[in-house]
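# Mind looking at a prediction? Sequence and model below.
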Amino acid sequence: MLTDILLGLPYPAGIVGTLLIAAAAHEFYAMAGAAGSAPFAFWGVLAAAAAFNLPWMAAQWPCLGGSEGILAALAIATFIGLGVRFRKSRPNALADAAVTIFGAVYIGVFGGFIVAIHTLPQGAKMVLFFVAVSKAADIGGYLTGRFFGRRKLAPSISPNKTIEGSIGGVLLSLAAAFGLRAAMPGLGFDAGWAVLFAVLVNVASQFGDLAESMIKRGCGVKDSAVILPKVCGALDLIDSILLSAPVAYYLIRLHVPV
């Protein structure tokens, strides 16, 4: 059965995706540690990687169901670990457990929706369509904000983001959606659905970017990259995708019932 699961993974995308999720989870727990928390990083990274791959595994073993089993196992391991690590009372024990579980949900469960999209009909094309639209929000926002940005979007969270950049990101997401719709006519998306998909995924992507900025600011960390400091970290690379992946999945499911 294990070989069936492994053969079902879309290599090399499955390996790359799992490593990226694991690296992002590691960065998240490192940031939490810098803020004074003591999460169980090893178990959190393992749970995030497992949750990311769960849609593939569930396709082979339907009895696995959703992510609740993985999260329950993580919670049990976390509380046992808390008891072993802190044999005496620790004021922040609840926060340490919450951070551990939150990291696995935020990165692993949300990231797993990308894999879930891949399991749908024409899944590989669907993933390409989604990622292009989501990352267009980042690229369009950065370029437009750099050259035309004047009014701050959320100065207390991310001082460099502007309203003009946000609008530019929406426009580039729309362009990406219509460009790929023309390049991949077999997807069967009409123009109205493409507009709805691009706008909603873009908004979710921008919130995802702001959410990570808020986490970094709350942890007092400017650079989330741990493995390659001062280089774009894994979490920086996928922050916009994490919150927009569930939105994209359910939009696709509504348009293309399985």
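Right, received. Where do you want to start?

# gap between the helix or strand where residue 44 lies and the chain center?
Per DSSP states H and E: residue 44 is located in helix 41-60. Relative to the mean C-alpha coordinate of its chain, helix 41-60 is positioned 13 Å out (C-alpha atoms, centre = their mean, to the nearest Å).

# what's the answer for stretch 147-165, then?
Centre to centre, stretch against its chain (C-alpha atoms, centre = their mean), the figure for stretch 147-165 is 23 Å.

# sorry, back to before: quick one: list the elements packing against the helix holding residue 44.
Counting contacts by 3 or more C-beta pairs under 8 Å, 6 or more residues apart in numbering; DSSP states H and E, helix 41-60 packs against helix 2-8, helix 13-34, helix 68-85, helix 93-103, helix 110-118. (Each C-beta comes from the backbone N, C-alpha and C, glycine too.)

# how about the ones you listed in JSON lines, adding mean pLDDT, mean neighbour count and distance to residue 195?
Below are the helices and strands packed on helix 41-60 laid out as JSON lines (pLDDT from 0 to 100; neighbours: other C-beta atoms under 10 Å; distance: least, C-beta to C-beta, whole Å):
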{"stretch": "helix 2-8", "mean pLDDT": "44", "mean neighbour count": "11", "distance to residue 195": "34"}
{"stretch": "helix 13-34", "mean pLDDT": "90", "mean neighbour count": "20", "distance to residue 195": "28"}
{"stretch": "helix 68-85", "mean pLDDT": "67", "mean neighbour count": "15", "distance to residue 195": "35"}
{"stretch": "helix 93-103", "mean pLDDT": "85", "mean neighbour count": "19", "distance to residue 195": "33"}
{"stretch": "helix 110-118", "mean pLDDT": "91", "mean neighbour count": "25", "distance to residue 195": "19"}
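
# list the contacts for the residue sitting nearest the centre point of the chain?
By C-alpha atoms, centre = their mean, the chain has its centre lying nearest to residue 242, at 2.0 Å. With contact taken as C-beta atoms under 8 Å, 6 or more residues apart in numbering, residue 242 is in contact with 106-107, 110-111, 208.

# want to throw these into JSON lines with distance to residue 143?
Converted to JSON lines, those look like this (distance: C-beta to C-beta, whole Å):
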{"residue": "106", "distance to residue 143": "27"}
{"residue": "107", "distance to residue 143": "27"}
{"residue": "110", "distance to residue 143": "26"}
{"residue": "111", "distance to residue 143": "26"}
{"residue": "208", "distance to residue 143": "19"}
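
# and which of those is nearest to residue 44?
Taking C-beta to C-beta as the measure, residue 44 lies nearest residue 107 of the contacts of residue 242, at 8.7 Å.

# residues in contact with the closest one?
Per C-beta under 8 Å, 6+ apart, neighbours of residue 107: 21, 24-25, 28, 48, 52, 235, 238, 242.

# Show me what the strand ranked longest in the chain is packed against.
Assignment by DSSP state E gives strand 158-162 as the longest strand of the chain. Strand 158-162 makes packing contacts with helix 123-148, strand 152-154, helix 191-219 when contacts are defined by 3+ C-beta pairs under 8 Å, 6+ apart.

# Tell me the helix or strand right after that strand.
helix 163-183.

# could the helices and strands packed on helix 41-60 be laid out in TSV, adding distance to residue 151?
Below are the helices and strands packed on helix 41-60 laid out as TSV (distance: least, C-beta to C-beta, whole Å):
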stretch	distance to residue 151
helix 2-8	48
helix 13-34	29
helix 68-85	41
helix 93-103	32
helix 110-118	30
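
# Any idea which of the ones you listed gets closest to residue 246?
Among the helices and strands packed on helix 41-60, helix 110-118 comes nearest to residue 246, with 4.8 Å by C-beta to C-beta.

# For that closest one, name the packing helices and strands.
helix 13-34, helix 41-60, helix 123-148, helix 234-255.

# now the angle between helix 41-60 and it, please.
For helix 110-118 against helix 41-60, the angle by axes from the mean of the first three to the mean of the last three C-alpha atoms, to 10 degrees is 20 degrees.
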